[in-house]
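Student: sequence? don't have it. structure:
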């Protein structure tokens, strides 16, 4: 009896509830829904973490005008297509795809949702509703080289490479050129570990490079294992994506990290005021604040810091381009003539080592 | 010579977690149980050991906690496969997936925190010997304990009465049961032992090899340990040799690259697995070897009719 009474009054209660709730959503402007798709976990201490920090800054900056969500651990497979589709169907109007491998799935999904705007990191395929953004990592690695070239005692740098793709090769080349700009005797040893992430193998690679005389080792793999190795052996290392100095206070000299928030806020504002367009390719570096150098180690002598700051200022002003000629490859062939600068298009398909790098590029 | 020492040292450090995990799994498989959950148990061990050492500052506590965490997870496996008689392959795979997820969940706030590396021990008189001291007497305690574990497992399986019982159960649980041997208890103990060593192997990663916790840090080493057991044809000596060989090939590959030797890195990375397949093929071609080494009841559930 009691129960049936409750049940009967239930629709009425719901109706009352709806009436009370309805005006609220009708009067407040609907916030712009923005979604982020991450390749790794937010707590990876590197790449994905930096994107998520920027997402939080975006929320702080634009407040109630937007509403962000994220999906983490999305593999670069057909699974990602399902995730993008779901996010678009859920009413997200701006979607940031934060890994290179989402390129093909994005092409498909973007056609199904022409009113949704997509932003893809490091890719090279755009569309009417896809724009691409890419950090000028080479600026960060050039400056890493400037520090490494001044701090090395053996004139040998090391680099732990993940895969021999243009983005990674640019970093090795830029670091070597930066180091040679302050120390012409520089040689770089490069080792491929064929993985983005395997702390044990990264550690072995770092130990190997140190044993072979490289006393300043940079990397583009994801874990801080090489910084720990350098800390124990008393040599130097450089972080990537995030500051990793907690793993080696003495070892980490600086690092190339990213702050995506400026870009995310700028693009979101464009969507809000209707000026966003697709088919754009944005490359931001140190000047725009996307590439940020990790704090300099206090052990670096002031003279070396001064050279670093001067070069950094010249990169910001545009006076210094990491890939300005003359540049020879490691077989001695001239690749960029004196007075010329490598075009972005050439850089994005770069597949050779500059002079002074020892190692093979698997073909 | 100068670069030989770090090469050997690096190989030993890379091989040690494989030795712990693979020796444990050897005992498990010798009892007739196939536990594919090694990777999951290693990760749980890695995160538990790391958390325990971070909280207490003691490496010993870390390794003990890791062993218990591995035991806890293997207890789940034991209950499912031995009591409920679920499929061992499917349960083992589920255990790995569960371990990957659970360790990531539990360790979410531990990422980015450093602990001190398990220090190498100094043996008075021996460590100071030039070259030889560096080669043999400059490791952390867990490296020496892995040798002790090897001797223990080898003795247990070949010389002890209990080891004989365990092997008999692995060959024919029905016969062993008929003559009054405790099949379930023995298999349980073997599974728990495997859990403990896998946990320790994981803690070796997060406390000694790369002293940090990051999601999925075992990066497939649990699967390599499983391959090693087959590679070593269920014999502890060959398993240990295989572990050093697997570790050594990776290390040699990196060294060769640093010296600019024109050997494709992918080729060398592939070698240990290719070798495992070759061993499998040889085993299958020679029925005698199977009879001699592979536990006949491996992967089969045992249900006593009584």
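Tutor: Noted; the coordinates are in hand. Fair warning: this is a prediction, and the values are worked out from it, not measured in the lab.

Student: Let me see the residues that make contact with stretch B:265-283.
Tutor: A:192, A:194, A:360, A:362, B:224, B:227-228, B:230-231, B:233, B:245-246, B:249-250, B:252-253, B:256-257, B:289-290, B:293-294 (C-beta atoms under 8 Å, 6 or more residues apart in numbering or on different chains). To be clear about C-beta, it is placed using only N, CA and C from the backbone, and glycine gets the same treatment.

Student: Looking at the residues you listed, which are in helices?
Tutor: Assigned to helices by DSSP state H, the following of those qualify: B:224, B:227-228, B:230-231, B:245-246, B:249-250, B:252-253, B:256-257, B:289-290, B:293.

Student: before we move on, back to that, which of the contacts of stretch B:265-283 are buried, as a PyMOL select command?
Tutor: Buried subset of the contacts of stretch B:265-283, written as a PyMOL selection, criterion 16 or more other C-beta atoms under 10 Å in any protein chain shown:
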select buried, (chain A and resi 192+360) or (chain B and resi 224+227+228+230+231+233+245+246+249+250+252+253+256+257+294)
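
Student: Surely residue B:112 forms part of a strand?
Tutor: No. Going by DSSP: H, G, I helix; E, B strand; the rest coil, the assignment for residue B:112 is coil, not a strand.

Student: what about the helices in chain B?
Tutor: Taking DSSP H as the test, the helices found in chain B are B:4-30, B:38-56, B:59-78, B:88-106, B:132-136, B:141-159, B:161-171, B:173-178, B:183-204, B:221-231, B:236-258, B:265-285, B:287-293.

Student: still on that earlier bit, quickly check the ones in helices among the contacts of stretch B:265-283 for the two that are furthest apart.
Tutor: B:257 and B:290 (38.5 Å; C-beta to C-beta).

Student: tally of neighbours for residue A:185?
Tutor: Neighbourhood size, residue A:185 [other C-beta atoms under 10 Å in any protein chain shown]: 12.

Student: Make sure it is actually in contact with residue A:155.
Tutor: Yes. With contact defined as C-beta atoms under 8 Å, residue A:185 counts as touching residue A:155 (4.5 Å).

Student: overlap between the ones in helices among the contacts of stretch B:265-283 and the residues near chain A?
Tutor: Subset of the ones in helices among the contacts of stretch B:265-283 in contact with chain A: B:250, B:257, counting by C-beta under 8 Å from any C-beta of the partner chain.

Student: Identify, from the ones in helices among the contacts of stretch B:265-283, the entry nearest to chain A.
Tutor: residue B:257 (4.6 Å; C-beta to the nearest C-beta).

Student: Contact partners for that closest one?
Tutor: Counted by C-beta under 8 Å, 6+ apart, residue B:257 has contacts A:190-192, A:208, A:359-360, B:265.

Student: Present those as a markdown table; the columns should include distance to residue B:216.
Tutor: Converted to a markdown table, the contacts of residue B:257 look like this (distance: C-beta to C-beta, whole Å):
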| residue | distance to residue B:216 |
| --- | --- |
| A:190 | 25 |
| A:191 | 22 |
| A:192 | 21 |
| A:208 | 23 |
| A:359 | 28 |
| A:360 | 29 |
| B:265 | 22 |
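
Student: May I ask which two of the residues you listed are separated the most?
Tutor: Using C-beta to C-beta, the two most remote members of the contacts of residue B:257 are A:208 and A:360, lying 14.8 Å apart.

Student: worst-scoring helix or strand of chain B, pLDDT-wise?
Tutor: helix B:287-293 (a mean of 65; mean pLDDT, DSSP states H and E).

Student: picking up where we left off before, by neighbours, which of the contacts of residue B:257 wins?
Tutor: That'd be residue A:208 among the contacts of residue B:257, by other C-beta under 10 Å, with 29 neighbours.

Student: Over to it. Which of the three states is it?
Tutor: Three-state call for residue A:208 (three-state DSSP): helix.

Student: what's the distance between it and residue A:157?
Tutor: Noted for residue A:208: a distance of 14 Å to residue A:157, by C-beta to C-beta, to the nearest Å.

Student: Check residue B:134 too.
Tutor: Distance, residue B:134 to residue A:157, using C-beta to C-beta: 26 Å.

Student: Of those two, which one has the most company?
Tutor: Using other C-beta under 10 Å as the criterion, residue B:134 and residue A:157 rank with residue A:157 on top: 33 against 16.

Student: Tell me which residues touch residue 66, please.
Tutor: If you meant another chain, say so; for now it's chain A. A:31-34, A:58-59, A:268, A:272.

Student: Let me rephrase: I mean chain B.
Tutor: B:45-46, B:48-49, B:52, B:199-200, B:202-203.

Student: Nearest to chain B: which residue in the stretch 251-363 of chain A?
Tutor: Counting by C-beta to the nearest C-beta, the stretch 251-363 of chain A gets nearest to chain B through residue A:358 (5.0 Å).

Student: One more: the stretch 201-350 of chain A?
Tutor: For the stretch 201-350 of chain A, C-beta to the nearest C-beta, closest residue to chain B: residue A:211, 3.7 Å.

Student: That residue contacts residue B:134, doesn't it?
Tutor: No. Residue A:211 is beyond contact range of residue B:134, at 11.8 Å (criterion: C-beta under 8 Å).

Student: helix, strand or coil for residue A:298?
Tutor: coil.

Student: Would you mind giving me the confidence score for it?
Tutor: pLDDT recorded at residue A:298 is 93.

Student: Now for it: which residues touch it?
Tutor: No residues are in contact with residue A:298 under the rule C-beta under 8 Å, 6+ apart.

Student: Same question for residue B:121.
Tutor: Counting by C-beta under 8 Å, 6+ apart, residue B:121 touches B:139-141, B:144.

Student: Just send the residues you listed back as a markdown table, with neighbour count and distance to residue B:186 too.
Tutor: Below are the contacts of residue B:121 laid out as a markdown table (neighbours: other C-beta atoms under 10 Å in any protein chain shown; distance: C-beta to C-beta, whole Å):
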| residue | neighbour count | distance to residue B:186 |
| --- | --- | --- |
| B:139 | 21 | 33 |
| B:140 | 20 | 33 |
| B:141 | 15 | 30 |
| B:144 | 14 | 29 |
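
Student: of the residues you listed, closest to chain A?
Tutor: For the contacts of residue B:121, the closest approach to chain A (C-beta to the nearest C-beta) belongs to residue B:140, at 12.2 Å.

Student: Touching, that closest one and residue B:119? I think so.
Tutor: Yes. Because the distance of 6.5 Å satisfies C-beta under 8 Å, residue B:140 is recorded as touching residue B:119.

Student: Pull the number of nearby residues for the closest residue in space to residue B:24 that isn't next to it in sequence.
Tutor: Nearest non-adjacent residue to residue B:24, counting by C-beta to C-beta, 6 or more residues apart in numbering or on different chains: residue B:197, 3.0 Å away. Per other C-beta under 10 Å, the neighbour tally for residue B:197 reads 33.

Student: Next up, the contacts around the residue nearest to residue B:30 when sequence neighbours are not counted.
Tutor: Among residues not flanking residue B:30 along the chain, residue B:170 sits closest, at 4.9 Å (C-beta to C-beta, 6+ apart). Going by C-beta under 8 Å, 6+ apart, residue B:170 touches B:29-32, B:295-298.
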